[in-house]
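**Student:** Test case, fold it:
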Amino acid sequence: MIELSSKDLEQLDSKGISKEKVNTQIQTFKEGIPFVQLFQAAVVGNGILRFSKKEQLELIQYFENNRGSLELLKFVPASGAASRMFKAMFNFLDSYNSSKEKLSEYIERTGDKDVQEFTENLVKFPFYELIMEKIRGKTASKDEEAYLFVKEMLTENGLNYGFFPKGLLPFHTYETGTATPFEEHLKEAALYAKTKGRANLHFTVSEQHDQMFINEELSVGPKISNQTETEFNITYSNQKPSTDTIAVDMQNQPFRNSDGSILFRPGGHGALIENLNDQDADIIFIKNIDNVVINKNLETVSNSKKLLAGVLKKVQTKVFSYADLMDKGNVSVEKADEIKLFLEKDLNVRFPSNYDDLSVSEQIMVLNDRLNRPIRVCGMVKNEGEPGGGPFWIKDTEGKISLQIIESAQIDMDNEQQASILQNSTHFNPVDLVCGVRNHKGEKYNLLDYIDSKQGFITGKTKEGKELKALELPGLWNGAMAFWNTIFVEVPLVTFNPVKTVNNLLKSSHQA
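**Tutor:** Got it, this is the predicted structure:
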């Protein structure tokens, strides 16, 4: 137990963090977080489903037939700041002087391919005209123009895109004007998350951007509403202060700010399991804010989402009928075997090796526990070398095997056997989830009961020149959903178009 002063306790109280939680986190730093044990890569035929064209159409139709009676919600993690997107451009602003050297000399001297790609393709960016209107005629050379363009784009006296949330930057250019990811998500929701003319969306945003999102909704909401004949019900939430995690020094003591207060840091996207837990619907679609498509690809993406929802609805219907039977207590040995087979085949559940030695009543308890869990159906795209988590079978400390989305940081790359399993993986996770969070009685599960707290990350950081250790909570689609029932489905690559750097906007999938 660490010693905390009355001032420390006041600080914890103001954030809604208990003393016990802090002590648990410090214990985690002391013990470290072990690497996960990969058992096998999940591949098509062993952990990943691939459907024929005919099966896809049937599943899409199954969702369409049922959607009228379902409460649907689209949940969009949108707190990402654009500053990371422009990292190379900020660097360029700091280190280039057009009066002292040519742009070509700068690129040769620094080897900065990002700046080269950006400056050679200015005209292709959706904010090109907007910026050129402001700087036209103010520069003596093309090199100076490129510098002024970046300055106007990023700085406070210009467009200030460096401060923007990613979701509110212009991403796509159409004949009618530019569109932000926020706007593109509304178009999508109208296609697959609408029931009886109404679509519900929930965005998790940073507090400092609250008003900006509301303004964008007021600006583009009515337009997309008219275009798609959809009434949008949009809500927002911020990451909770209670999900911040304590930082420690290299001796695992609380890291203190210069004013003596304890340093807490945001817990990463895993903190959003709390925001997700505050939502309730029959089916919740989850997709990151920066993963949007241009209009011509909307139908393909929408059908992919409907396919995943069809898979979920179909399996859920069966889960609910078995759970009802078990509630009534009339499950024969044959029926129990049938349920076990269904869990193994359709929900990828792996049973403990001693299952057959259990008494019938014990077996039924195990089956009941495995049936009554939230379900996630995750789209998986073929691996094209993009960074991101991948689908694996993993083995926990008790020898239990389960299907999980694992990030490379969770894998011991020095272990040849583990590294070779990683090499065998064929797909990765584009954060494309469709979730069932209610049980057979229509009651919502408490999602906080299904987190594997051992799947967080410890990372090294510095503050004011001092080294510290930070703790990231288990990722939203990683350890935060570790004890859900899981299905992986292959989806087309066009469904994955993230914008990690500004130059990603030059990809054909973002050029309308």
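
**Student:** Isn't Asn297 up against Val494?
**Tutor:** Yes. Because the distance of 5.3 Å satisfies CB atoms under 8 Å, Asn297 is recorded as touching Val494. Every residue, glycine included, has its C-beta placed from N, CA and C.

**Student:** Might one say that Asn238 is in contact with Asp210?
**Tutor:** Yes. If you go by CB under 8 Å, Asn238 and Asp210 touch, sitting 7.3 Å apart.

**Student:** any idea what sits nearest Ala78, other than its immediate chain neighbours?
**Tutor:** Spatial nearest neighbour of Ala78, excluding adjacent residues (CB to CB, 6 or more residues apart in numbering): Ile289 at 3.9 Å.

**Student:** Can you give me every residue that contacts Ser353?
**Tutor:** Neighbouring residues of Ser353 by CB atoms under 8 Å, 6 or more residues apart in numbering: Gly399.

**Student:** ok, now with 7 Å
**Tutor:** Under the criterion of CB atoms under 7 Å, 6 or more residues apart in numbering, Ser353 has no contact partners.

**Student:** for Leu186, same thing?
**Tutor:** With contact set as CB under 7 Å, 6+ apart, Leu186 has these partners: Gly221, Ile224, Phe232.

**Student:** Among the residues you listed, which ones are in strands?
**Tutor:** Counting by DSSP state E, the part of the contacts of Leu186 found in strands is Phe232.

**Student:** now the contacts of Leu186 as a markdown table including neighbour count and distance to Gly329?
**Tutor:** Below are those laid out as a markdown table (neighbours: other CB atoms under 10 Å; distance: CB to CB, whole Å):
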| residue | neighbour count | distance to Gly329 |
| --- | --- | --- |
| Gly221 | 18 | 50 |
| Ile224 | 21 | 50 |
| Phe232 | 18 | 45 |
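
**Student:** Looking at the contacts of Leu186, which one is closest to Asp337?
**Tutor:** Asp337 has its nearest neighbour among these in Phe232, at 47.1 Å by CB to CB.

**Student:** any idea how far Glu117 is from the closest one?
**Tutor:** 36 Å (CB to CB, to the nearest Å).

**Student:** got it, and Lys7?
**Tutor:** Applying CB to CB, one obtains 50 Å for the distance of Lys7 from Glu117.

**Student:** Same question for Ile60.
**Tutor:** The spacing between Ile60 and Glu117, counted by CB to CB, is 38 Å.

**Student:** Look at these two and report which has more neighbours.
**Tutor:** Taking other CB atoms under 10 Å, Ile60 and Glu117 do not tie; Ile60 has more neighbours (20 against 15).

**Student:** elements contacting the helix or strand where that one lies?
**Tutor:** Using DSSP states H and E, the element containing Ile60 is helix 53-67. With contacts taken as 3 or more CB pairs under 7 Å, 6 or more residues apart in numbering; DSSP states H and E, helix 53-67 sits against helix 298-328.

**Student:** residues in contact with Val293?
**Tutor:** By CB under 7 Å, 6+ apart, the contact set of Val293 is Val301, Val494, Asn497, Ser509.

**Student:** Which PyMOL command selects the buried ones in those residues?
**Tutor:** In PyMOL, a selection of the buried entries from those looks like this (16 or more other CB atoms under 10 Å):
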select buried, resi 301+497+509
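
**Student:** Need the residues touching each of Asn297 and Val494.
**Tutor:** When CB under 7 Å, 6+ apart defines a contact, the residues bordering Asn297 and Val494 alike are Ser509.

**Student:** Check the gap between Gln11 and Lys463 for me.
**Tutor:** Distance of Gln11 to Lys463, given as CB to CB: 17 Å.

**Student:** Domains of this structure: list them as residue ranges, please.
**Tutor:** Following automatic domain parsing, one finds the domains of the chain at 6-80+165-203+211-314+390-394+403-510, 86-154, 315-373.

**Student:** Could you say which of those domains is packed most deeply?
**Tutor:** Highest mean neighbour count of these: domain 6-80+165-203+211-314+390-394+403-510, a mean of 18 (counted as mean count of other CB atoms under 10 Å).

**Student:** May I have stretch 454-461 as PDB, with CA atoms only?
**Tutor:** Output for stretch 454-461, consisting of C-alpha atoms alone and laid out as PDB, is shown next (Å, rounded to 0.1, in the frame of the first residue of the first chain):
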ATOM      1  CA  LYS A 454      -4.300  -8.500 -17.500                       C
ATOM      2  CA  GLN A 455      -4.400  -7.300 -21.100                       C
ATOM      3  CA  GLY A 456      -3.300  -3.700 -20.500                       C
ATOM      4  CA  PHE A 457       0.000  -2.100 -21.600                       C
ATOM      5  CA  ILE A 458       2.900  -0.500 -19.700                       C
ATOM      6  CA  THR A 459       4.700   2.100 -21.700                       C
ATOM      7  CA  GLY A 460       7.800   4.300 -21.000                       C
ATOM      8  CA  LYS A 461       7.300   8.100 -21.300                       C
END
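
**Student:** residues making contact with it?
**Tutor:** Counting contacts by CB under 7 Å, 6+ apart, the residues outside stretch 454-461 that touch it are 29, 32-33, 36, 409-410, 467-474, 478-479, 482.

**Student:** got the contacts of Leu186 as JSON lines, with distance to Thr178 columns?
**Tutor:** Written out in JSON lines, the entries for the contacts of Leu186 read as follows (distance: CB to CB, whole Å):
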{"residue": "Gly221", "distance to Thr178": "16"}
{"residue": "Ile224", "distance to Thr178": "14"}
{"residue": "Phe232", "distance to Thr178": "20"}
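
**Student:** returning to that earlier point: what's near enough to touch the residue nearest to Ala78?
**Tutor:** Val76, Pro77, Ala78, Gly80, Lys166, Gly167, Pro181.

**Student:** Where does pLDDT dip in the chain?
**Tutor:** When residues are selected by pLDDT under 70, those of the chain lie in 385-388.

**Student:** and if we set it to 50?
**Tutor:** Residue ranges of the chain with pLDDT under 50: none are present.

**Student:** Would you map the helices across the stretch 251-400 of the chain?
**Tutor:** For the stretch 251-400 of the chain, helices defined by DSSP state H, counting those that start in this stretch occupy the ranges 272-277, 298-328, 333-347, 360-371.

**Student:** what's the spacing between the shortest one and its chain's center?
**Tutor:** The chain centre lies 12 Å from the centre of helix 272-277; the measure is CA atoms, centre = their mean, to the nearest Å.

**Student:** now do the longest one
**Tutor:** In terms of CA atoms, centre = their mean, the centre of helix 298-328 is set 21 Å apart from its chain centre.

**Student:** tell me the angle that helix makes with helix 333-347.
**Tutor:** 160 degrees (axes from the mean of the first three to the mean of the last three CA atoms, to 10 degrees).

**Student:** Which secondary structure elements does helix 298-328 sit against?
**Tutor:** Based on contacts counted as 3+ CB pairs under 7 Å, 6+ apart, the elements that helix 298-328 packs against are helix 53-67, helix 181-192, strand 283-287, helix 333-347, helix 360-371, strand 375-382, strand 432-436, strand 485-490.
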